[in-house]
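Student: Quick one: sequence plus predicted model below, questions after.
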Amino acid sequence: MKADSAEISERAGTPTSRRWWAWGLMLIAAALAIWYVCDNAGRWKDRFIPRKLRTVEPGQIYAGGQIDRHLIRQVLSDDRIKVIVCLVADDPTDPDVAAELEATKDMGIERFVDPLAGDGTGDFHSYADAVAQIGEARKNGKPVLVHCSSGAQRSNGAVYYYRVLVEHWDADSAAQEMLRNGHDPRNNPALIPYLNLHIREIAAILVDKAAIDHIPDPLPQIHHE
């Protein structure tokens, strides 16, 4: 007995349909794998290379992002760090933060926390305290590490204020250094206006702390981004 044409067509189409389903599942699996690799590539990189770690002054001042727990002791030892200035509020549940806290305690490293917002804005007193702490460490010959989370906003802001208020750099030159070290005004348009807006207040606090002699006149202002 012959099968009717509809049955033949259905049977003929079944393997093809299954193949399309298989290809579809493979494509979905491949897309998920690519997403996972891209999402985790930065995390794996941080495990082997300290996040945006850079030298501000050789042997004296270093800046960057949060250092991975697998690297923190080696970095602190290699650069002979004696002072840490952290610009992020501590989260002891973060394993990298917990490792840093443990390492500083074991290694006798002085540590300050001056929290700021992720875009580098926030309480300007934190910047004033950070600059004073950097200057004090520098004066005492204690290598200091300044860090935030990504290494692109808060640590750049602190180094900027140190450059223009303590070392008397030109503001635009100090801003160019920020750009080289990861700050992008297109992604974070808030930081540079903030740095210009609060420089007088920060300079006044630093004068009170005897970290600098006077408030600059004219005030350093960033004109080019």
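Tutor: Happy to help now that I have it. Numbers count the residues shown, from 1 in each chain.

Student: check contacts around the residue minimising distance to the centre of the chain.
Tutor: Centroid-nearest residue in the chain, with CA atoms, centre = their mean: Ser150, separated by 1.6 Å. By CB atoms under 8 Å, 6 or more residues apart in numbering, the contact set of Ser150 is 51-52, 65, 118, 182. Glycine gets a C-beta too; all of them are placed from N, C-alpha and C.

Student: what's the closest of those residues to Leu206?
Tutor: Of all the contacts of Ser150, Gly118 has the smallest distance to Leu206: 24.1 Å, by CB to CB.

Student: If I look at the closest one, what pLDDT would I see?
Tutor: Looking at Gly118, its pLDDT stands at 97.

Student: Any figure for the gap between it and Gly59?
Tutor: 30 Å (CB to CB, to the nearest Å).

Student: quick one: which of these two has more around it?
Tutor: Shown here are Gly118 and Gly59; by other CB atoms under 10 Å, Gly118 has more neighbours (14 against 10).

Student: The more buried one against Gln153, yeah?
Tutor: Yes. Counting by CB atoms under 8 Å, Gly118 does reach Gln153; the two are 6.6 Å apart.

Student: mind showing which ranges of this structure have poor pLDDT?
Tutor: Filtered on pLDDT under 70, the chain yields the residue ranges 1-48, 225.

Student: if we can go back for a sec, drop anything exposed from the contacts of Ser150.
Tutor: Neighbour counting with 16 or more other CB atoms under 10 Å marks 51-52, 65, 182 as buried within these.

Student: Pick out whichever of the residues you listed sits closest to Leu71.
Tutor: Nearest to Leu71 among these: Arg51, at 9.3 Å, using CB to CB.

Student: Look up which helix or strand that closest one falls in, please.
Tutor: Arg51 is part of no helix or strand when elements are defined by DSSP states H and E.

Student: Leaving out chain neighbours, which residue sits closest to it?
Tutor: Distance criterion CB to CB, 6 or more residues apart in numbering; nearest residue to Arg51, sequence neighbours excluded, is Gly65 at 3.4 Å.

Student: next one: Ile192
Tutor: Ile222 (5.2 Å).

Student: Would you mind confirming that that neighbour makes contact with Asn196?
Tutor: Yes. Counting by CB under 8 Å, Ile222 touches Asn196, with 5.8 Å between them.

Student: Which of those two has more residues huddled nearby?
Tutor: Between Ile222 and Asn196, counting by other CB under 10 Å, Ile222 is the more crowded of the two (22 against 16).

Student: Make sure that one is indeed in a strand.
Tutor: No. Using DSSP: H, G, I helix; E, B strand; the rest coil, the secondary structure at Ile222 is coil, not a strand.

Student: Tell me who's in contact with it.
Tutor: By CB under 8 Å, 6+ apart, the residues touching Ile222 are 171-172, 174-175, 192, 195-196.

Student: Can you add secondary structure and distance to Pro218 and give the residues you listed back as a markdown table?
Tutor: Listed next are the contacts of Ile222 as a markdown table, based on DSSP: H, G, I helix; E, B strand; the rest coil; distance: CB to CB, whole Å:
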| residue | secondary structure | distance to Pro218 |
| --- | --- | --- |
| Ala171 | helix | 10 |
| Asp172 | helix | 13 |
| Ala174 | helix | 15 |
| Ala175 | helix | 16 |
| Ile192 | helix | 17 |
| Leu195 | helix | 15 |
| Asn196 | helix | 12 |
